[in-house]
Structures are given as C-alpha cells and as structure tokens.
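In: Just to be clear, the model below is a prediction. Sequence and coordinates:
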Amino acid sequence: MDFSLSPEEARFRDQVRGWLRDNLDDRTREAAAGHDDIELRRDWQRRVHEAGFAGVSWPRELGGQGGTLMQEVIVNQEMAAARAPDMLNVIGLYMAGPTILAHGTPEQKARHIPPLLRADEIWCQGFSEPNSGSDLASLRTRAVIDGDDFVVSGQKVWTTLAHVSRWCILLTRTDSAETAHAGLTYLIVDMQSPGVEVRPLRQITGDAEFNEMYLTDVRVPRANLLGAVGGGWRVAMTTLMHERATLGVGLQVRSRIALDELRALARTTLVDGVPRSADPVVRQRIAQLVIEVEAMRINGLRGLSRVLQGEQPGPEGSVNKLMWSELNQRIAETALDLLGPYGTLAEGEERAPRNGRWAYGYLRSRANSIEGGTSEVLRNILAERVLGLPRGR
Ligand SMILES: Cc1cc2nc3c(=O)[nH]c(=O)nc-3n(C[C@H](O)[C@H](O)[C@H](O)COP(=O)(O)OP(=O)(O)OC[C@H]3O[C@@H](n4cnc5c(N)ncnc54)[C@H](O)[C@@H]3O)c2cc1C
C-alpha cells in the first residue's frame, strides 16, 4: 500500500484546501455540530457542488466530475479536517446515488442524479420498520402490482430527513416467498404521492431529524422499480455496503479532531488549580483513545486499498463503523467525566462549556451504535464472514 499523493493529487488537495479556506466560515461550521439548520446545509452542498467537489468520481454527464476515487477520498478528508458541515443530502449522495448508479436504468440515472448532487432534491431511506430493523428481511410493507403501478401500504420508522425529502428508497415485500429475502422489491417513491404521511420523532438531543412514515395505497409507477421485482435484497445490499463504507470515509479524521479537542479540554479544565491532564487515570484513558484512533486510521487505509484496487467495499467498512461508533461514545463520555457537573449543561445555559456542545455530542453519540447497523449485529457479521466462526442462530 502506497498512499503518498502523486503531484496532481497534491495539487488537487491544495485546490480543495484553498477553496475551503475561502468559503468556510464559522456560522457554516457550526452546522457541523449536528443541529438541523436545513437551508444552511442545503446551501453548503450547492456551493460544494458548484466548486466541483460533490460526486467527484461520478460521471460528468450526470453532474459529477468524472474524477478518481482518490480525489473523492481527498475531498472527504479535507472536508473533515476543515470541520465542514456534513452534506445535507447524505442518503442521496452516499446510499441512493451509488445504488442508482449501480442498478438504475439510464432514464433513472438522468432523472435523479443531477438534482441529488445539487441538493435540489433530498432523499431518505425507508428500510427499517417497527420489528424489522436488524432483521431487515422480515419487513412487511407490501407492494402489489396493479397495471403499470405498484400499490404500496405499510409503515416505516426512523426515516432520517423524510420531512424534507422529495424521494425515498423504499424496500417492500411483493411476495411472501419461501425465503424472506426472495420476495423483496426495491422502489423509488415520490414523497409527494398521495398516501404518504410523515410524522416527526423527537430525539434525546431535542432535534427531530428522523420520522415515522405511513404509506396507504401509495401508487408507484413501474418506471420507479430499481432492479428486478423480487430482486430487492441484492439492491439493498449495495445500499448497505455503501452506507457502512462511506460512514468510514472521513470519520477517522473527525475522531482525530474530537480527540484533539478532548486533549485540549483535559489541559484547560482545572480542579483546585490542577489541570485534569495531570491525573494518571485521565492520561491513561486518553492514551487508550489515541491508540484506538490510530488503529481505525490503519484499518481505514486497508479498506481504501481494497477499493482502489477495484474491489467492492468489504467487511473493513463494518470494522470501522463498529470502531468509530464505540470510540466516539468513549470520547464523549470522557469529556463529560472531565467536565463534572458543568458537562451536563445544555446549549444556552450561561455556564455551559462550549455552549453545550459536549453535552449535545454525548447525547447524539448514543445513536452511533444503533444507526447503520448495531454494534451487536456488526460483531455477528465480523464473526461469521471475516473470522469464519459458526453461526449463532
Ligand atoms: C439516528 C438514527 C437514524 C436512522 N436512520 C434510518 C433511516 O434513515 N432509514 C432507515 O431505514 N433506518 C434508519 N435507522 C434505523 C436503524 O437502521 C435501526 O435502528 C437499526 O437497524 C436497528 O434496528 P432496530 O432499531 O429495529 O433494533 P432491533 O433490530 O430490534 O435490535 C434491538 C437490539 O437487539 C440486538 N439484536 C438484534 N438482532 C440481533 C442478533 N441477531 N444478534 C445479536 N443482537 C441482536 C440489536 O443489536 C439491538 O441491541 C436509524 C436509526 C438511528 C438510531
């Protein structure tokens, strides 16, 4: 593995850095804290796209840049290092887009990819249902073929961004076939269709970034079928592989930054005039986190090397997702321990350190080990598919 940048790649990196220096201000950066300022984040994605840094490796005729995967990685790393906000259309860019590029018809690609890149149309992912999260193949939302349409009825849950989305990648059941996987069909659903109802769910952070979604006799034209009728599981696996792989891109850099902030916090938080960093137990906890961030970086490079050699994202994505979610929780927990009672003060409280950012980060991090595959399920995947251990069930 050689990850030193070629002269052109180094020039490209400098170009991205220069653009970020000139275009990223603190107000935009604050959106990175996770609060749901949708229009600010939409505007940010538009500007990133206009600068040529969205869909870097996607085809030019679809609004991408026709660049290399390495350039895509450089953009992600520089964005994370500059603490740029996450792109608004996360599901469009990192899940729906790659799935449409892999399985879509030319018409679907031409219709959906350009507005997705510009954040003109936001996407959501309707996979999870009450009682069908980890065991996705047990889902029950039905799609019945009626003439040129599918008629869809059922309920989805935890649908991130459904309240601002125009399109949904929806996994449905068209057949109660012998095996649960065989009867699934993957549809692209217009969220403005009659029969789609979205109800927000408020999270522990106070934000409402995800929703319940009710579908009652929603008519979806056959042209919006992605893949084959009954072939939805294969298409869904493309989405999930990209979800876990892209979750890993840039996350290591963000973990490194969070860790640096934690180290600064330990040096500047005083108890009886003594910095918390003088405590050997605190030093030990931070040293452990440094080791874990480094292990994650090296594992990320292993995954990247595989993809650069033209292979599909592999189980390294699951390793990094698992490492990142638990590491992020430990960094947030350590920060709250260092701050003592002040750490629990929320945004807007007079004495809240960093205006409650640590408290917010702690609460938001609880979801990290659930979203995109729970830690228990990822451990199962690693045990069975990487280590070849016998199946537990
Ligand atoms: C912030 C956030 C955003 C999300 N956004 C979306 C979205 O946009 N679209 C979407 O479709 N979904 C979304 N989800 C849903 C997410 O994918 C599911 O929550 C996740 O797959 C877990 O499913 P579940 O909640 O039904 O839990 P369950 O599957 O019911 O699991 C409950 C517990 O049992 C454990 N468990 C389950 N099966 C096993 C097993 N075989 N072995 C060991 N332990 C097991 C789990 O690890 C967990 O601890 C989001 C979730 C969160 C938290």
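Out: Received it, and whenever you're ready, just let me know what you need. Numbers count the residues shown, from 1 in each chain.

In: Point me to the residue of the stretch 101-250 of the chain nearest the ligand.
Out: Minimum separation of the stretch 101-250 of the chain from the ligand (C-beta to the nearest ligand atom) falls at residue 133, amounting to 1.8 Å. (Glycine included, C-beta is placed from N, CA and C.)

In: Which pLDDT value goes with the spatially closest residue to residue 270 that is not a sequence neighbour?
Out: The shortest distance from residue 270 to any non-neighbouring residue, by C-beta to C-beta, 6 or more residues apart in numbering, is to residue 276 (7.5 Å). With respect to pLDDT, residue 276 scores 96.

In: shouldn't residue 276 be in contact with residue 262?
Out: No. Judged on C-beta atoms under 8 Å, residue 276 makes no contact with residue 262 at a distance of 10.4 Å.

In: Can you work out which residues contact both of those two?
Out: Among the neighbours of residue 276, those also in contact with residue 262 (C-beta atoms under 8 Å, 6 or more residues apart in numbering) are residue 338.

In: related to what we said a few turns ago, just give me the neighbour total for the residue of the stretch 101-250 of the chain closest to the ligand.
Out: 17 (other C-beta atoms under 10 Å).

In: Please list all residues in contact with it.
Out: 158, 374.

In: now do residue 352
Out: Contacts for residue 352 (C-beta under 8 Å, 6+ apart) come out as 342, 345, 346, 359.

In: any idea which of these has the most stuff around it?
Out: Among those, residue 359 has the most neighbours (other C-beta under 10 Å), with 24 neighbours.

In: Secondary structure element holding it?
Out: Following DSSP states H and E, the helix or strand that holds residue 359 is helix 357-365.

In: same for that helix, what does it pack against?
Out: For helix 357-365, the helices and strands in contact under the criterion 3 or more C-beta pairs under 8 Å, 6 or more residues apart in numbering; DSSP states H and E are helix 316-339.

In: what separates the helix it packs on from the chain centre, distance-wise?
Out: Chain-centre distance of helix 316-339: 15 Å, with C-alpha atoms, centre = their mean, to the nearest Å.

In: could you give me the average pLDDT of it?
Out: 91.

In: if we can go back for a sec, by how many degrees do the helix holding residue 359 and helix 316-339 diverge?
Out: Here the directions of helix 357-365 and helix 316-339 differ by 140 degrees (axes from the mean of the first three to the mean of the last three C-alpha atoms, to 10 degrees).

In: got the buried residues for helix 357-365?
Out: Within helix 357-365, the residues that qualify as buried by neighbour count (16 or more other C-beta atoms under 10 Å) are 357, 358, 359, 360, 361, 362, 363, 364, 365.

In: just to revisit the earlier point, would you mind giving both backbone torsions of the residue of the stretch 101-250 of the chain closest to the ligand?
Out: Here is the backbone geometry of residue 133 (degrees, to the nearest 10): phi -110, psi -80.

In: can I get the buried residues of helix 357-365 in TSV with pLDDT and distance to the ligand?
Out: What follows is the buried residues of helix 357-365, written out as TSV (pLDDT from 0 to 100; distance: C-beta to the nearest ligand atom, whole Å):
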residue	pLDDT	distance to the ligand
357	88	18
358	92	19
359	93	17
360	92	14
361	92	14
362	95	15
363	95	11
364	93	8
365	95	11
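
In: of the residues you listed, closest to residue 92?
Out: Sorting the buried residues of helix 357-365 by how near they are to residue 92, with C-beta to C-beta, puts residue 364 at the top with 21.4 Å.

In: so how far is residue 108 from the residue of the stretch 101-250 of the chain closest to the ligand?
Out: Between residue 133 and residue 108 the distance, using C-beta to C-beta, to the nearest Å, works out to 27 Å.

In: same question, residue 215
Out: When C-beta to C-beta is the yardstick, residue 215 and residue 108 sit 21 Å from each other.

In: Between those two, tell me which one has more neighbours.
Out: The residue with more neighbours, out of residue 215 and residue 108, is residue 215; 24 against 17, by other C-beta under 10 Å.
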